[in-house]
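[1] after the sequence you'll find the predicted model.
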Amino acid sequence: MGKTNEQIALKASWISIMVNISLSALKLIAGIFGHSAAMLSDAVHSFSDVLSTIIVIISVKISNREADKEHPYGHERFESVAAILLSALLMTTGLGIGWNGIKTIMARNYKAIAVPGIIALVVAMISIIAKEGMYWYKRSVAKRTDSGVLMADAWHHRSDALSSVGSFLGIFGARLGFPVLDPTASIIICLFIIKVSVDIFIDAINKMVDRACDDETLEKIRSLILSQQGVEDIDLLKTRLFGNKIHIDVDICVKGNMSVSKGHEIAHTVHDIIKNRIPNVGHCMVHVNPRHHGKVES
């Protein structure tokens, strides 16, 4: 039997934790012994990835619980809650890194800034390769499981890869005789992190406030319904994002002289085709309206 989405997501998350713990330790050592503020900032960023992935694991476990009396529509929105927490964690990390860089530059004591060692440069390159690899791995898992929180965590890896690029350039520039570029790299890292945190926050909020599906998905649903035998028209079609699931409410028109049993059969067919052909439909309600002489009776 194949692995469930939950098992796939949890495996990816534990791999992510192991990679980030290793990188955090490596960056911390390189930052201390290589005298690099940018590398120390990068170490903090990688450690924040460990915390964020723990949040991902918890949210995946909760969001995959079956519906219960207190949560009759399921627990999928816990993923959106986790994504909001992740965005807040990213924002806090980014602002802290940026502020430290600004303070160093504002002190204007550039001669006192130590020139980073070669170890910091090497670790920065290792981090770029490792984090970009983790981004693509986590991104593929997120698409496979259609998980918003996993996609948010994938972008967390990408932001770390970009911050490592900033670290590399800052360290490289400092070694060329421009020590101010090391704290400048910290500020650049900060901006990357803030941008990602805002994007994650907006996506999570859209899923929390019942935003409708995109136009392409709506048109696909509409076409599927109208292609079913017995469906005369669509009176109402509403969708909303519920975590990583889609909830759909539709009113279809059938001939007014049709029996209740036949109308129910058509509604059941519409329900099944939507559930089978549209990915991640968590709830689908189909209501039947009879049509008499061009008019609809509700």
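    Cool, got the structure. Numbering: from 1, shown residues only.

[2] and for the residue lying closest to Leu241 once chain neighbours are set aside, the neighbour number?
    Of all residues not flanking Leu241 in the chain, Lys207 sits nearest, at 4.6 Å (Cβ to Cβ, 6 or more residues apart in numbering). Backbone N, C-alpha and C define where each C-beta goes, glycine included. Applying other Cβ atoms under 10 Å, we find 22 residues neighbouring Lys207.

[3] and Ile273, how close does it get to Ser227?
    Ile273 sits 8 Å away from Ser227, going by Cβ to Cβ, to the nearest Å.

[4] what about those two, which has more around it?
    Ranked by neighbour count (other Cβ under 10 Å), Ile273 and Ser227 place Ile273 first, with 16 against 10.

[5] can you give me how far the one helix or strand the more buried one maps to is from the chain middle?
    Secondary structure from DSSP states H and E places Ile273 in helix 260-277. Here helix 260-277 is found 33 Å from its chain centre; the criterion is Cα atoms, centre = their mean, to the nearest Å.

[6] how about the helix or strand following that helix: buried residues?
    Downstream of helix 260-277, the next assigned helix or strand under DSSP H and E is strand 281-292. Judged by neighbour count (16 or more other Cβ atoms under 10 Å), strand 281-292 contains these buried residues: Val281, Gly282, His283, Cys284, Val286, Val288, Asn289, Pro290, Arg291.

[7] show me where the protein has its strands.
    233-242, 245-255, 281-292, 295-296 (DSSP state E).

[8] would you mind measuring from Ser166 to Phe47?
    Actually, residue 166 is Gly. It isn't Ser. 17 Å.

[9] quick one: which of those two has more around it?
    More crowded of Gly166 and Phe47, by other Cβ under 10 Å: Gly166, with 24 against 18.

[10] surely the more buried one meets Ile189?
    Yes: assessed by Cβ atoms under 8 Å, Gly166 is found in contact with Ile189 at 4.5 Å.

[11] buried residues in stretch 82-89?
    For stretch 82-89, by 16+ other Cβ under 10 Å, it's Ala82, Ala83, Ile84, Leu85, Leu86, Ser87, Leu89.

[12] and the helices in the stretch 1-150 of the chain?
    Applying DSSP state H, counting those that start in this stretch to the stretch 1-150 of the chain gives helices spanning 5-33, 37-63, 77-107, 118-145, 148-175.

[13] any idea which of those helices gets closest to Arg211?
    For the helices of the stretch 1-150 of the chain, proximity to Arg211 was assessed by Cβ to Cβ; helix 77-107 is nearest, at 10.9 Å.

[14] which strands or helices does that closest one pack on?
    helix 37-63, helix 148-175, helix 181-208 (3 or more Cβ pairs under 8 Å, 6 or more residues apart in numbering; DSSP states H and E).

[15] rebuild the ones you listed as a markdown table, extending it with distance to Ala107.
    Formatted as a markdown table, the helices and strands packed on helix 77-107 follow (distance: least, Cβ to Cβ, whole Å):
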| stretch | distance to Ala107 |
| --- | --- |
| helix 37-63 | 12 |
| helix 148-175 | 16 |
| helix 181-208 | 9 |
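
[16] tell me which of these is the most buried.
    helix 148-175 (a mean of 25; mean count of other Cβ atoms under 10 Å).

[17] what angle do that one and helix 77-107 make?
    10 degrees (axes from the mean of the first three to the mean of the last three Cα atoms, to 10 degrees).

[18] let me see the mean pLDDT of helix 148-175.
    Computed over helix 148-175, the mean pLDDT rounds to 77.

[19] circling back to that earlier point, among the strands of the chain, which gets the worst mean confidence?
    Among the strands of the chain, strand 295-296 scores lowest, at a mean of 49.
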